[in-house]
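Colleague: quick one, what's the 3D model for this:
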Amino acid sequence: MGELRTVQQNDIIKNATKVISDEIEAIQELTSRLDDNFIRACETILNCKGRVIIAGMGKSGHIGHKIAATLASTGTPSFFVHPSEALHGDIGMITAQDIVITISNSGGTDELITLCSVIKRQGTFIIAMTGKTDSVLAKLAHCHINVGVSKEACPHNLAPTSSTTATLVMGDAIAVSLLKARAFTPEDFARSHPAGRLGKRLSIMVSDLMHSGEDMPKAAPELTLQDAILIMTGKQLGATLVVDADNKLRSVFTDGDLRRAFESGADLKQLKLIDVIQEGCHRITESSLAMQALVMMQEHTITVLPVVDENDAPVGIIHMHDLLKAGIV
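Modeller: The predicted structure is shown next:
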């Protein structure tokens, strides 16, 4: 297939720019729809003793899947039910304590109308997200959120484009409003995202990765550099913690300190740690997130970090390599 002529390439960029502009305009229209119905929908979901169930056909169903997933991952128990499957038995998943959000641009989807007629009789609260305020679904629902757009990005005004984008954004607006109302924290988020880099960054603690006990290199300030080298090489971390007689962390002796001692021509058998260490060092607690250790190492350009308890006594050491292996970096 040959390359497109320049005029065609320009048309592609022009058309794509028009689509993006149209969809931005559609999203901006949503701010005027944030009214009492939006507030009522959020307050009802916050007080819901059951689950939030999303239902939609076709493209609206695809958007519904994403909204349900976003709600579920941000503190609102939620799942998607296909309207056709619901009418053939899955309606048993829906109880009077649940809230059902129906999505339909036209507001006239037959399967959703039938579904809402049935569940409304059992007392299930219904929120309709449609593009028409006078639609059947809007009138059937206890609460209606207007996600209508003045035009689709499709040049024929047929393919769901701006309308699906607007619905998705309104779903995000609901999810984030609920997240903030629940005071949902990064730690809460981590509990529903235990896998992948994001989950690891939000759930793995320093205590999970640090070298402790016999694996922790530790030396007294009076130790010679020669003996300190043996400890460093034995633990293979490129550093050793320097701890005073009261078991308080005093400093960290690293391979960089050792290199500088070599360059000075000092006698490693005679020179002691106290003669070369830099007093004081950065440290972290074992209850901190491993991600916090990474940030600290990057900010201070270091590769090892002592781990201390509330009395500033060393309980471990963590290396940048540990963070790499765990997928934190």
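Colleague: helices or strands up against the helix or strand hosting Ile45?
Modeller: Element membership for Ile45, per DSSP states H and E: helix 36-46. Using 3 or more CB pairs under 8 Å, 6 or more residues apart in numbering; DSSP states H and E, the elements in contact with helix 36-46 are strand 125-130, strand 143-146, helix 162-181. Just so you know, the C-beta spots here come from the backbone N, C-alpha and C atoms, and that holds for glycine as well.
Colleague: quick one: contacts of the longest helix belonging to the chain?
Modeller: Criterion DSSP state H: the longest helix present in the chain is helix 6-29. For helix 6-29, contacts defined as CB atoms under 8 Å, 6 or more residues apart in numbering pick out Leu4, Val149, Ser150, Lys151, Glu152, Ala153, Thr161, Ser162, Ser163, Thr165, Ala166, Val169.
Colleague: with stretch 260-268 instead?
Modeller: Under CB under 8 Å, 6+ apart, the answer for stretch 260-268 is Thr224, Leu225, Gln226, Ile229, Leu271, Val276.
Colleague: Pro77 is in contact with Arg51, isn't it?
Modeller: Yes: here Pro77 lies in contact with Arg51, judged by CB atoms under 8 Å, at a distance of 4.6 Å.
Colleague: of the contacts of stretch 260-268, which is the most crowded?
Modeller: Leu225 (24 neighbours; other CB atoms under 10 Å).
Colleague: that one: what's it in contact with?
Modeller: Leu225 touches Leu258, Ala261, Ala266, Leu268, Lys269, Leu271, Lys272, Leu273, Val276, counting by CB under 8 Å, 6+ apart.
Colleague: reformat the helices and strands packed on helix 36-46 as JSON lines; add mean neighbour count.
Modeller: Shown next, in JSON lines, are these (neighbours: other CB atoms under 10 Å):
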{"stretch": "strand 125-130", "mean neighbour count": "26"}
{"stretch": "strand 143-146", "mean neighbour count": "24"}
{"stretch": "helix 162-181", "mean neighbour count": "20"}
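Colleague: can you say which of these is nearest to Ser84?
Modeller: The closest of the helices and strands packed on helix 36-46 to Ser84 is strand 125-130. By CB to CB, the value is 17.8 Å.
Colleague: what is the burial count for Gly75?
Modeller: Residues near Gly75, counting by other CB under 10 Å: 19.
Colleague: got phi/psi on the residue lying closest to it once chain neighbours are set aside?
Modeller: In space, Gly75 comes closest to Phe184 once its chain neighbours are excluded; the distance is 4.4 Å by CB to CB, 6 or more residues apart in numbering. Phe184 has phi and psi values of phi -70, psi 130 when expressed as degrees, to the nearest 10.
Colleague: now do Phe184, the pLDDT please.
Modeller: Note for Phe184: predicted pLDDT of 86.
Colleague: please apply the same query to the one 4 residues further on.
Modeller: What the model reports for Asp188 is a pLDDT of 74.
Colleague: test my guess that it contacts Gly75.
Modeller: Yes: under the criterion of CB under 8 Å, Asp188 makes contact with Gly75 at 6.2 Å.
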